[in-house]
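Colleague: Requesting a structural model of the entry that follows:
(chains A and B)
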Number of protein chains: 2
Amino acid sequence: MSTERQEALRAWFLGPRAENGDLLERLVVEALRDHIFWRRNYHPEDGFVIRETDKRSEGYDAAVARLTQELMELLASLKRGVPFFSGRYKGHMSFEQTIAAQVGYFAAMLYNPNNVAVEGSPVTTRLELEVAAQLGRMIGYDPATSWGHLTSGGTVANFEALWIARNVRYLPVAAAGAAEALGVSLEVRRPDGSEARLERLSLWEVLNVGGAEALDLWGKLWAAAPEADVRRALAEHSFVTVGYQDYSRRLAYAYGDALPAAVVLVAATAHYSWDKIVRALGIGSNQLVHVPVDERFRMDPDALWERVRELAARRVPIMACVSVCGTTEESAVDRLDLVLEVRERAERELGVTFHVHSDAAYGGYAAAVTWRADGTRRGADEIRAGVGVDWPSADWLRAMEALAGADSVTIDPHKLGYVPYPAGAFLLRDRRARELVAVDPPYLLPTQGLDSAQDLFLGRFIFEGSKPGAAAAAVWLSHAVLPLDERGYGYLVERTVAGAYRLHAALRDADLGEFRVVLLPEPDINIVCYIVTHPALEGLAAVNALNEGIYARMSLAEPGATPEYILTRTRFQTPMYDGAVRPLLERLGIPLEEWVASGPAGLVVLRSTVMDPFLAEPGGADHVAGYLAALRRAAEAALAA
Amino acid sequence: MSTERQEALRAWFLGPRAENGDLLERLVVEALRDHIFWRRNYHPEDGFVIRETDKRSEGYDAAVARLTQELMELLASLKRGVPFFSGRYKGHMSFEQTIAAQVGYFAAMLYNPNNVAVEGSPVTTRLELEVAAQLGRMIGYDPATSWGHLTSGGTVANFEALWIARNVRYLPVAAAGAAEALGVSLEVRRPDGSEARLERLSLWEVLNVGGAEALDLWGKLWAAAPEADVRRALAEHSFVTVGYQDYSRRLAYAYGDALPAAVVLVAATAHYSWDKIVRALGIGSNQLVHVPVDERFRMDPDALWERVRELAARRVPIMACVSVCGTTEESAVDRLDLVLEVRERAERELGVTFHVHSDAAYGGYAAAVTWRADGTRRGADEIRAGVGVDWPSADWLRAMEALAGADSVTIDPHKLGYVPYPAGAFLLRDRRARELVAVDPPYLLPTQGLDSAQDLFLGRFIFEGSKPGAAAAAVWLSHAVLPLDERGYGYLVERTVAGAYRLHAALRDADLGEFRVVLLPEPDINIVCYIVTHPALEGLAAVNALNEGIYARMSLAEPGATPEYILTRTRFQTPMYDGAVRPLLERLGIPLEEWVASGPAGLVVLRSTVMDPFLAEPGGADHVAGYLAALRRAAEAALAA
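Modeller: Numbers count the residues shown, from 1 in each chain, chains lettered A, B, ... in the order given. Got it, this is the predicted structure:
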């Protein structure tokens, strides 16, 4: 199979020399003509509003001339774009897209379906739910009870996760208020397994009812009284209706107890968008509690446990814990299995629970490597034999398999799914939770009260409204050509890991004259990070300046720059990276005090994402050698400057 | 010019018979080949990773076969999509896209730029800011002080508006806290024009400092103390960091005063997404205060004044007032000029102010009709003469020109801009306000501290992260071909209004046998709404059932349906529509009590959006006559059923 996949890989992309240009053109033209003749076959008796004689008019001709001319302008300016497709681009998480995704997007765009509701997208709404189910299966979710959909990107998907998590967390409060109003007494199981009457719980206990238990409570409530009464009572007490300002007051009044503001735990390496998200949700960035990472840039489970213990001691409710699967800076994969163990322990020992979300926006597709074509899981040895490098570890596999236990997961097809923007995905393990954020708009309701029609009206359950059905078609066609297992995406991700390891090893062994490369550990997926230093440099600022200088020479940051190879850089900042940066500082000979005092400047780290599956392949230029040569020249020029 | 525009219109779209199929194909292939040869010209010395011999391998061939086969499957299923392009589709706000937008999207998608930051989109980030500036100019914003960007759609743009509005409203609170911490005394102007020391204001007064004044305060603060100190003090007191839970407590403590939760005023006709937005922001849907609409479905300015007065009397802070320009159900255009007058009066007489946002997601592009090619404004008579119907009124023009006075505006290019999804736009009158929601991510920072480079890193200031540069290219090319004035979009919108008025008049005069059509007033833009009734029907439920029956026969709601003409329907619900629905009920002979008791079922209204600019054009089938005939048949069948 290895040969077959290797051969297939060469048909999946347009290619760095547009080697598959004829294939892409054939398919694009096919899709276009197919659409054209669909139109022509729809009520041909309707005649023409645009006639051949119209096309001979001056105004028509002028409009075509203007269109063609402006297109030429656009095409000319697009050439100043970034050559993501080339083996010379080793910067951000950008590469070209699969031909399937490109053609799928284009084909559906001609129809311009709107996936907000099935009425405007009878085909692509179904495709969207299908690809979400495929992604769900890939991470081990049960298709019968889970749910998912596409978003414009990871930010919105992460936002939805926290939006839902908050409503699940506060659901027992609403249930308690509603139950009292309805004169109903509900039984509830505490995180430690003990049973109690909901009305007897303290606010602290109510806010620590488990997610599944909370949703069960909800079900019990609907069963206990007439629907209209429950609806009214829930609206009266739900967070979504009441809002923060009155909610806080009511809680303090109802329970005679004002707990501290609820927090969200995130790995110190979490994406900056989490800051936006907690600000927008009204949670406040003070309530974003960073959990230190270890030397592999993964959330430290011991540190997590300490944080949870300490928060519990102060009775600070924990709304959610965000674990990362594939950090955007280092592609680090948190040990989600251990994170889930911490939660279990917290439930048992502290009576504390919280929503666990995995931000797998970048790394989610790597779960494809864990699957055989027959739907069984692969072992680490089996995968390693195929990849040809010392990856993955058994621990890595455990972390990926643990995605099945996360309450929600974000995966972006427009990252390691090689699909054009915009395509993020949000996956929810217990689909009942989506009802907590559902709204009922006046239009677009299904004619019949079919459950399936309800399901197909996505706008009810998701944050966004109008959205491109073309994105769903792109993901669908790409998944159809590259299955989410060892034959398709699994193989693709493996090849990028092989390329990243090749680059990592080459940097380790490189002869850069007097320059020295201080590398981060081998990545959990495919991002290679390092710092270049030189014996003449003393202190953090000098090392940063060298690496900034290299970046300036190996990027498109300067308008008009034509670097031979392209990389990017990030900044590790204190205190988020304290747990990870110590060995790097030691090897750089930089005193810890300088790091502690570095503030926003931090430590500049050069960074190359290897999404290029051809880097470890024979044929073409040796881009690893080329990269090293360019790096040496850039370092020399930067030092001289 | 009229003839020239009429001729040009026929070159702008692919056409209902794909009459311009050869043009679109030529341009698509041109764009594709242009991209292909760009790749081939980039370091041609790099050789090939995909070789001709590779293409002769079994694995390659199998992959191509799979790709082609699956594409055929996709193309086949897409044919079950909605014929938005046809004159027979008169349903939702969907039509086909301009050829310019389609080709622009496709051309840029091949490069797949990511507009989160200029580093991944050196071309399309600039195009995005350019089109936002064009839209800003169209609504009368000053390009020197305003700002805007594209979003995935109207929901996100509206969300950003309220997100920013909240932070502007709470900024003086943060400034007061920071000033106290820094030992600085700041002067501030109250809404009524009087000056005062910020520290002397009551909480009610602080929350009623005007937006521009608040941003000035911010500037004064930065000037009054060292930057690092101001940064620290502001972070200590800003809503984005503190979050709702602690903020409410602190305010109550600092001012000895707990005001009621702040509210958001929206027109009763506002889009359902506002409910999502206030829920997600933590404001709570209880705080969404609906302002009644008048019989033209526009926010009633007298009712608005009453609401404001009553809220002021109870000292309820008003975070923002959302006015609608082109309701999604009726295309009603609020008298924004009068809304702004109400705010001025509230400032003067009540010392109360608030952010005014215009949700012009649907109607924004109609502002193009107000501009001559030379950049001067057109009068109502001049426009009416061109359109050939009694539209627009002088009042309508005043409302459109008042957009310049809104603090923020949402406009969706993927609605009346005829651009593929996803393309919304958010416009901000005072660009300083964007800083209040800005975050600083560790990567993607500009090498140099240029203001322009800061500006080009959109991800700092906007809610979303990764986003398609292709959308910006699509909007840009479409604007380049269809200017935002009487020559381009203005003419296009006019033609749809002419079509809508033609349909409206035909429905008024139609012979539907015993059936009678009760029409809403002539629309402010191009959505025609009506209810069909019959002498045999008594009561609201019976009339609703007839119209539901018509909808079922004239829509794609049932799988496999092949209606001759397609419309859609909405539901007017109490109490939101109380101010508008009375004349309709009278003409339907439905007692008011039935309406009051109707609940979520409401009044079913048939609805046809006329985005088709050819409906009022000669040539082709007479789709107005066809629509009426289909309506009569559907009504008869529905009544019989």
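Colleague: neighbours around A:Asp216, how many?
Modeller: Using other C-beta atoms under 10 Å in any protein chain shown, A:Asp216 is surrounded by 18 other residues. The way it works is simple: take the backbone N, C-alpha and C, and place the C-beta from them, glycine included.
Colleague: Same question for A:Leu512.
Modeller: For A:Leu512, using other C-beta under 10 Å, the count is 17.
Colleague: residues in contact with it?
Modeller: Taking C-beta atoms under 8 Å, 6 or more residues apart in numbering or on different chains, we find A:Leu512 in contact with A:532, A:628, A:631-632, A:635.
Colleague: Run through the helices of the stretch 151-300 of chain A in chain order.
Modeller: Counting by DSSP state H, counting those that start in this stretch, one finds helices in the stretch 151-300 of chain A at the ranges A:154-182, A:203-206, A:211-224, A:227-237, A:239-255, A:273-280.
Colleague: Not counting sequence-adjacent ones, nearest residue to whatever residue of the stretch 51-200 of chain A ends up closest to chain B?
Modeller: Residue nearest to chain B within the stretch 51-200 of chain A (C-beta to the nearest C-beta): A:Gly59, separated by 2.6 Å. In space, A:Gly59 comes closest to B:Glu7 once its chain neighbours are excluded; the distance is 2.6 Å by C-beta to C-beta, 6 or more residues apart in numbering or on different chains.
Colleague: picking up where we left off before, the helices of the stretch 151-300 of chain A: which one's closest to A:Ala506?
Modeller: helix A:154-182 (30.6 Å; C-beta to C-beta).
Colleague: what about the closest one and chain B, touching?
Modeller: Yes: Helix A:154-182 lies within reach of chain B by C-beta under 8 Å from any C-beta of the partner chain, at A:154-156, A:159, A:163.
Colleague: For the residues you listed, I'd like a selection string for ChimeraX - just the buried members, please.
Modeller: In ChimeraX, a selection of the buried entries from these looks like this (16 or more other C-beta atoms under 10 Å in any protein chain shown):
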select /A:154,155,156,159,163
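Colleague: measure A:Ala320 to chain B for me?
Modeller: Distance of A:Ala320 to chain B, computed by C-beta to the nearest C-beta, to the nearest Å: 14 Å.
Colleague: need the contact list for the nearest residue to A:Gln245 once chain neighbours are set aside.
Modeller: In this structure, A:Gln245 finds its nearest non-sequential neighbour in B:Ala261, 3.6 Å apart by C-beta to C-beta, 6+ apart. The neighbourhood of B:Ala261, defined by C-beta under 8 Å, 6+ apart, consists of A:243-246, B:283-284, B:286-287, B:316.
Colleague: between the residues you listed, which is nearest A:Arg431?
Modeller: B:Gly284 (24.5 Å).
Colleague: burial of the residue in the stretch 101-250 of chain A positioned nearest to chain B, as a residue count?
Modeller: Here the residue of the stretch 101-250 of chain A nearest chain B is A:Gly243; by C-beta to the nearest C-beta that distance is 2.0 Å. A:Gly243 is flanked by 25 other residues according to other C-beta under 10 Å.
Colleague: With A:Val168 as the reference, measure out to it.
Modeller: Counting by C-beta to C-beta, to the nearest Å, the gap from A:Gly243 to A:Val168 is 17 Å.
Colleague: cool, and A:Leu259?
Modeller: A:Leu259 is 17 Å from A:Val168, by C-beta to C-beta.
Colleague: who has more neighbours, those two?
Modeller: More neighbours surround A:Val168 than the other of A:Leu259 and A:Val168, with 26 against 18 (other C-beta under 10 Å).
Colleague: Just the local confidence number for the more buried one, please.
Modeller: Listed pLDDT for A:Val168 reads 96.
Colleague: What sits closest to it if chain neighbours are left out?
Modeller: Once flanking residues are discounted, A:Val168 sits nearest to A:Gly211: 5.0 Å by C-beta to C-beta, 6+ apart.
Colleague: got it, and A:Leu537?
Modeller: A:Val543 is the one closest to A:Leu537 (C-beta to C-beta, 6+ apart), at 5.4 Å.
Colleague: The one you found touches A:Pro591, doesn't it?
Modeller: No: applying C-beta atoms under 8 Å, one finds A:Val543 not in contact with A:Pro591, separated by 11.8 Å.
Colleague: related to what we said a few turns ago, with A:Tyr247 as the reference, measure out to the residue nearest to A:Val168.
Modeller: Noted for A:Gly211: a distance of 19 Å to A:Tyr247, by C-beta to C-beta.
Colleague: cool, and A:Glu52?
Modeller: 66 Å.
Colleague: okay, those two: which has more neighbours?
Modeller: A:Tyr247 (24 against 8).
Colleague: got a list of what the closest residue to the more buried one other than its chain neighbours touches?
Modeller: Leaving aside its chain neighbours, A:Tyr247 sits nearest to A:Phe239 (5.8 Å; criterion: C-beta to C-beta, 6+ apart). Residues near A:Phe239 by C-beta under 8 Å, 6+ apart: A:166-167, A:170, A:173-174, A:247, B:284.
Colleague: try 6 Å this time
Modeller: A:167, A:170, A:247 (C-beta atoms under 6 Å, 6 or more residues apart in numbering or on different chains).
Colleague: List the buried residues of the helix or strand containing the residue nearest to A:Gly59.
Modeller: In this structure, B:Glu7 sits in helix B:2-12 according to DSSP states H and E. Going by neighbour count (16+ other C-beta under 10 Å), the buried part of helix B:2-12 is B:4-12.
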